[in-house]
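>>> model this:
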Amino acid sequence: MSSTSTYPNIKINYMTEENMISLYDYLGKPAGSDLGKAVSTAAKKANIKVTTRDVSNTKYTGKIMLYPKEFLVNYFNPNKEPVQIELPF
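This is a model prediction of the structure:
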């Protein structure tokens with residue numbers, strides 16, 4: 001699956017399952033609905049492809065959004081140099 005997008009100065013060419021992560025995985029804690037909505041809105045505005053994953057644990061059961069890791073790094077650190085992950089192919 002391929003997609004291109006810019007969010008500020010980031011270009012994502014290929015998205016694989018390995019580089020798609022949830023806000024929980026990125027932050028190390030639950031993000032909450034307000035932050036989740038803000039990230040989702042920013043992803044939509046930047047034409048970022050997102051996927052979902054079903055989870056079930058004692059605190060939450062349902063779908064969660066997965067974002068390209070590069071997008072989350074740049075979303076939460078907008079003043080740093082853009083991050084690009086080298087893919088093995």
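>>> got a list of contacts for the helix or strand Asp34 falls within?
Secondary structure from DSSP states H and E places Asp34 in helix 33-45. Helix 33-45 has contacts (Cβ atoms under 8 Å, 6 or more residues apart in numbering) with Tyr7, Leu23, Ala31, Ile48, Val50, Met65, Tyr67, Phe71, Leu72, Tyr75. Any C-beta I mention is one placed from the backbone N, CA and C, and that applies to glycine too.
>>> can you rerun that using 7 Å?
Leu23, Val50, Met65, Tyr67, Phe71, Tyr75 (Cβ atoms under 7 Å, 6 or more residues apart in numbering).
>>> redo the residues you listed as CSV? Include neighbour count, secondary structure and pLDDT.
Shown next, in CSV, are those (neighbours: other Cβ atoms under 10 Å; DSSP: H, G, I helix; E, B strand; the rest coil; pLDDT from 0 to 100):
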residue, neighbour count, secondary structure, pLDDT
Leu23, 22, helix, 96
Val50, 15, coil, 93
Met65, 17, strand, 95
Tyr67, 25, strand, 96
Phe71, 26, helix, 92
Tyr75, 20, helix, 92
